[in-house]
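Visitor: One predicted model, sequence on top.
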Amino acid sequence: MGEAASQAAGFPLGAPLTDGVARFGTDGIRGRVGTSVTPALALQVGYWTGVVLQADGPVVIGTDSRRSGPMLVAALSAGLMAAGREVWQLGLCPTPAVPGTIRRQGAAGGLMVSASHNPPHDNGIKVFGASGAKLLAARQQAIEAGLQGRTAPPPLAGSGRLVSRPDLLAAYVDSLRASTGGQRLDGCRVVLDLCWGSATACGEELFRSLGAEVLVLHGEPDGERINQGCGSTHLEPLKRAVLESGADMGFAFDGDADRMLAVDGRGRVVDGDHTLYLWGSALRREGQLPDDRLVATVMSNLGFERAWQASGGLLERTDVGDQHVHAAMEALGAGLGGEQSGHILSARHGMSGDGLLTALQVATLIQGGGLKLAEWMDGSFQPYPQRLVNVTVPDRQLRQQWQQCEPLRLAVAEAEAAMAGHGRVLVRASGTEPLLRVMVEAAEQSQVDHWSESLAAAAEEHLNRG
């Protein structure tokens, strides 16, 4: 028996995968299609997800517009059916449609095939449990153990079933309309950048149904162009369209529409911190924000934190990643939380990051208050200057354990001492890309520029020797 056959013996869906490939990151499993993300990986992820999910019922699968999506959905479905699961395929949809469908239909769990804001050649797999929340670390580790051959597979069930259910997207759209509480957008001129991705499934229809005058950018599903020069990571097209059309506001989504960034009528960016401040203030006025508390991440702006605290509110910070925000919100009983990148979670709306929901809340809060978004921004908090520099560090161990690099650690300490409480430094390894992210913010732009460049150079010098 050859080596490959020997490895695969006892593993009917193929040989166990290597540790580096079969690993969950900040937001599921993600990487380049054909190398780290393959049909073989998806087949086994589907099977072990079917084994690990505890509840009975169907498993829901959605996808964004990437060309590799149908291939990976097919492989995931085959693996789930091999585990004896019934699979409901939603087709093209925003990521939050998956957890929403799980909760409404009493499903056992779900998967979303998407690499979010990554380029078209990447793809990924996000896994949700029966509550609609992303799987906890223990369940992710159980799937990883199966993928890596550390758990013996049970016999193949082979009794699963596949059902196409694109009709279930209508219930998701209805839930978004209901979230506005009857507030309409008649007379409001809005630009939507749908990013050639998941938001094209229902974004335009949703805003038009509430009476908005809508101008759409990148409005067809196109897996070759998803996230390319558009969407929430490339706001210039949205800014131009808002200014040229005289729109009241614009909204840009990422590839799977679980996050959103806005632009006001003067072309200024309304990021996740501004959204938390706006939405959180409205909930406080209604007495609907427990303990006047918001949950944000270490990336949120210091100006936002100090303004919220000065108004009498509490702000808790977590590590980067919506799963950390979700866990803190549950532990603290918080009503609203999110990330500066535009990933916002609302307890009253199911705790799933949803860019379309967030856009509707911003639009209807502004419209209902008789304001323009630009007028609200004029009276909002003043962000501290902030700069994020990405340093490519291919070596995963060096990237993840950068604190063990003494020269870089000393450089960070020097920067923090120089800013003396009027700024901060955050260095962290990306969970989805081979990048070390160096973020500096301070009261003075000159300090931000100096220390971000200095620390990025130190990271490049000391972590990429060789």
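Guide: Everything's here; your move. Numbers count the residues shown, from 1 in each chain.
Visitor: neighbours of Arg208, just the number please.
Guide: In terms of burial, Arg208 registers 15 neighbours under the definition other Cβ atoms under 10 Å. Every C-beta, even on glycine, is put in place using the N, C-alpha and C of the backbone.
Visitor: if I pick it, what's in contact with it?
Guide: Arg208 is in contact with Val214, counting by Cβ atoms under 8 Å, 6 or more residues apart in numbering.
Visitor: Does it belong to a helix, a strand or coil?
Guide: Under DSSP: H, G, I helix; E, B strand; the rest coil, Arg208 falls in the helix class.
Visitor: ok, it to Leu90 distance?
Guide: Shown here: Arg208 relative to Leu90, a distance of 22 Å by Cβ to Cβ, to the nearest Å.
Visitor: So the closest residue to Gln54 other than its chain neighbours, which state does it fall into?
Guide: For Gln54, the nearest residue in space outside its immediate sequence neighbours is Ala130; the separation is 7.2 Å by Cβ to Cβ, 6 or more residues apart in numbering. Here Ala130 is coil, with the state taken from three-state DSSP.
Visitor: Got the confidence number for Ala130?
Guide: Reading off the confidence values, Ala130 has pLDDT 96.
Visitor: That one is in contact with Ala55, isn't it?
Guide: Yes - because the distance of 3.9 Å satisfies Cβ atoms under 8 Å, Ala130 is recorded as touching Ala55.
Visitor: of those two, who's got more company?
Guide: Neighbours of Ala130 and Ala55, each counted by other Cβ under 10 Å, are more numerous for Ala130; the result is 18 against 13.
Visitor: For that one, give me its contacts.
Guide: If you count contacts by Cβ under 8 Å, 6+ apart, Ala130 has them with 53-55, 57, 102, 107-109.
Visitor: And for Thr364?
Guide: Counting by Cβ under 8 Å, 6+ apart, Thr364 makes contact with 180-181, 183-185, 210.
Visitor: how far away is it from Leu357?
Guide: Using Cβ to Cβ, one gets 11 Å for the distance from Thr364 to Leu357.
Visitor: mind showing which ranges of the protein have poor pLDDT?
Guide: Across the chain, the ranges flagged by pLDDT under 70 are 1-10, 19-22, 466.
Visitor: got the buried residues for the longest helix along it?
Guide: The longest helix of the chain (DSSP state H) is helix 445-463. In terms of neighbour count (16 or more other Cβ atoms under 10 Å), helix 445-463 has its buried residues at 447-448, 451-452, 454-456, 458-460, 462-463.
Visitor: and what of stretch 295-306?
Guide: The neighbour-count check on stretch 295-306 (16+ other Cβ under 10 Å) flags 295-297, 299-305 as buried.
Visitor: Next: stretch 63-75.
Guide: 63-66, 68-69, 71-75.
Visitor: got JSON lines for these, with secondary structure and distance to Asp222 too?
Guide: Rendered in JSON lines, the data for the buried residues of stretch 63-75 read as follows (DSSP: H, G, I helix; E, B strand; the rest coil; distance: Cβ to Cβ, whole Å):
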{"residue": "Thr63", "secondary structure": "strand", "distance to Asp222": "14"}
{"residue": "Asp64", "secondary structure": "coil", "distance to Asp222": "11"}
{"residue": "Ser65", "secondary structure": "coil", "distance to Asp222": "6"}
{"residue": "Arg66", "secondary structure": "coil", "distance to Asp222": "10"}
{"residue": "Ser68", "secondary structure": "coil", "distance to Asp222": "13"}
{"residue": "Gly69", "secondary structure": "helix", "distance to Asp222": "12"}
{"residue": "Met71", "secondary structure": "helix", "distance to Asp222": "17"}
{"residue": "Leu72", "secondary structure": "helix", "distance to Asp222": "18"}
{"residue": "Val73", "secondary structure": "helix", "distance to Asp222": "18"}
{"residue": "Ala74", "secondary structure": "helix", "distance to Asp222": "20"}
{"residue": "Ala75", "secondary structure": "helix", "distance to Asp222": "23"}
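Visitor: For the residues you listed, which two are the farthest from each other?
Guide: Between all members of these, the longest pairwise span (Cβ to Cβ) is found for Ser65 and Ala75 and amounts to 17.9 Å.
Visitor: Other residues contacting the helix or strand containing Ala418?
Guide: Element membership of Ala418 [criterion: DSSP states H and E] is helix 406-419. Under the criterion Cβ under 8 Å, 6+ apart, residues 402-403, 423-425, 427, 440, 442, 447, 451, 454-455, 458-459, 461-463 lie in contact with helix 406-419.
Visitor: now do stretch 68-76
Guide: With Cβ under 8 Å, 6+ apart as the test, stretch 68-76 has contacts from 33, 37, 39-40, 42-43, 45-46, 49, 61, 63, 89, 111, 113-114, 123, 125, 223.
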